[in-house]
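> mind looking at a prediction? Sequence and model below.
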Amino acid sequence: MIVIIKPHATPEQLEHVLDRIRQLGLQPMVSTGSERTVVGVLGDERLLAEGALESLPAVEQVMPILKPYKLVSREFKATDTVVQVRGIPFGGRQIQVIAGPCSVETPEQMRAAAAGVKEAGCRLMRGGAFKPRTSPYTFQGVGDEGLDYFRDAADAYDLPIVTELMDVRKIDLFLEKGVDIIQIGTRNMQNFDLLKEVGRLDVPVILKRGLSATIKEWLMAAEYIAAHGNHRIIFAERGIRTFETAYRNVLDVTAIPVMKRETHLPIIVDPSHAGGKAWLVPHLARAAIAAGADGLLVETHPCPEEAWCDADQALSPAQLGTLMGDLRKVAEAIGREI
Ligand code: PEP
Ligand code: MN
């Protein structure tokens, strides 16, 4: 059960609602988002019937939600949510392509990458300063100073930045550097303590799908973020693990319309980590947009063969430019724009 609080309710009125819920032997869980406050009610919801919560001045609506995910579900909100990132909308008619290198390497590489991203017509940039690598002996990311290289390069081209957070101890640094979107990577999709902490921030989050996560597990992971107050969540399908070994992962195109049905939040697709090869990226990117994705997360490098990480799947700046042109036509065909 979800209790929606009126926008102008006073703290005392809200406290009164919480008291009433507790008196019924239930546990309230307040989720204060930037736009509205909602209260999740834990316990035997049948008890709520006796509480007459709807009559309290702070309560706008009491909603029974049958799905295990509540705040992120379509049941909770029927219309699409548009997540704004410095005035750039995710989840509306306009499709967003976030492009950039797998990892931040040097200030020069980031400058060249940012120039390519801007030139291709993308509105946001990606890049990891902290990399979740399979082997502890491979490059782990340049670390803290990478955020400075990234910020400087992206600012020069007025591009908001997307970067992966792996460790709660780096949250203050991310806030200090003004990271515009925090990426929660595949390997951390069910790192619940990390999810709770980003749930307390007022920064949009890209939540990647776990390597073998079901749709329900993915939605429940997002619910952790939303339940702690951060409602600005963007899902990212990045390929799942199957029996197939001919390519890095299998892009689950089916997940796009299914997620659109289950959640009001935007969903983007990462064709780079799905295919694992640069030549596959345009095919998967076009399929994703045609299937209804709200955006893409694409790896590009000023000189792909020299990339320190994921060199095989990086597009050159010229390939990114061509892809953007192709995607424009696909978007137009389905009544959207890039
Ligand atoms: C990434 O986007 O840099 C990344 C590591 O992706 P994933 O978490 O999808 O493997
Ligand atoms: Mn990568």
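Thanks, I have it. Numbers count the residues shown, from 1 in each chain. Ligands and ions are numbered 1, 2, ... in the order given.
> which residues touch the residue most central in space within the chain?
Nearest to the geometric centre of the chain sits residue 206, at 1.7 Å (Cα atoms, centre = their mean). With contact taken as Cβ atoms under 8 Å, 6 or more residues apart in numbering, residue 206 is in contact with 162, 181, 182, 183, 184, 234, 235, 236, 268, 297. From N, CA and C alone the C-beta is placed, and that goes for glycine too.
> ok, residue 72 touching residue 219?
Yes: here residue 72 reaches residue 219: they are 5.8 Å apart, a contact under Cβ atoms under 8 Å.
> could you tell me which residues touch both of those two?
Common contacts of residue 72 and residue 219 (Cβ under 8 Å, 6+ apart): residue 263.
> who's more crowded, those two?
Between residue 72 and residue 219, residue 72 has the larger neighbour count (other Cβ atoms under 10 Å), namely 29 against 23.
> in space, what's closest to the residue located most distally from the centre of the chain - neighbours in sequence excluded?
Using Cα atoms, centre = their mean, the residue of the chain lying farthest from its centre is residue 50. It sits 38.4 Å away. Using Cβ to Cβ, 6 or more residues apart in numbering and skipping residues adjacent in sequence, the residue nearest residue 50 is residue 24, 6.5 Å away.
> leaving out the residues flanking it, which one is nearest to the residue in the stretch 201-338 of the chain that ligand 1 sits nearest to?
Nearest residue of the stretch 201-338 of the chain to ligand 1: residue 238, at 3.9 Å (Cβ to the nearest ligand atom). Counting by Cβ to Cβ, 6+ apart, residue 238 lies nearest to residue 270, which is 3.9 Å off, once chain neighbours are set aside.
> what's the burial count for that neighbour?
31.
> also residue 143?
13.
> surely it and residue 128 touch.
No: taking contacts as Cβ under 8 Å, residue 143 lies outside contact range of residue 128: 10.6 Å.
> count the residues that sit near the residue nearest to residue 50.
19.
> let me see the backbone angles for it.
phi -80, psi 0 (degrees, to the nearest 10).
> need the contact list for it.
47, 48, 50, 51.
> nearest to residue 76, of those?
The shortest approach to residue 76 among those belongs to residue 48, at 16.3 Å (Cβ to Cβ).
> ok, which stretches of the stretch 51-200 of the chain are helices?
107-120, 144-156, 171-176, 192-199 (DSSP state H, counting those that start in this stretch).
> show me the residue of the stretch 51-200 of the chain that gets nearest to ligand 2, please.
When distances are taken as Cβ to the ion, the stretch 51-200 of the chain reaches nearest to ligand 2 at residue 102, 3.3 Å away.
> quick check, that residue in contact with residue 312.
No: using Cβ under 8 Å, residue 102 is not in contact with residue 312; the gap is 10.2 Å.
> get me the contact residues on the stretch 101-250 of the chain for ligand 2.
The stretch 101-250 of the chain has residues residue 102 near ligand 2, with proximity defined as Cβ under 5 Å from the ion.
> which parts of the stretch 101-250 of the chain are strands?
124-126, 161-164, 181-184, 205-208, 233-237 (DSSP state E, counting those that start in this stretch).
> what about those strands, which gets the closest to residue 324?
strand 124-126 (13.1 Å).
> what helices and strands are in contact with the closest one?
Judged by 3 or more Cβ pairs under 8 Å, 6 or more residues apart in numbering; DSSP states H and E, strand 124-126 is in contact with strand 96-100, helix 107-120, helix 144-156, strand 161-164, strand 295-299.
> rebuild these as CSV, extending it with mean pLDDT and distance to residue 2.
Output for those, formatted as CSV (pLDDT from 0 to 100; distance: least, Cβ to Cβ, whole Å):
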stretch, mean pLDDT, distance to residue 2
strand 96-100, 98, 29
helix 107-120, 98, 39
helix 144-156, 98, 36
strand 161-164, 98, 30
strand 295-299, 98, 28
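> could you dump the ones you listed into a markdown table and include mean neighbour count?
Listed next are these as a markdown table, based on neighbours: other Cβ atoms under 10 Å:
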| stretch | mean neighbour count |
| --- | --- |
| strand 96-100 | 27 |
| helix 107-120 | 20 |
| helix 144-156 | 19 |
| strand 161-164 | 26 |
| strand 295-299 | 28 |
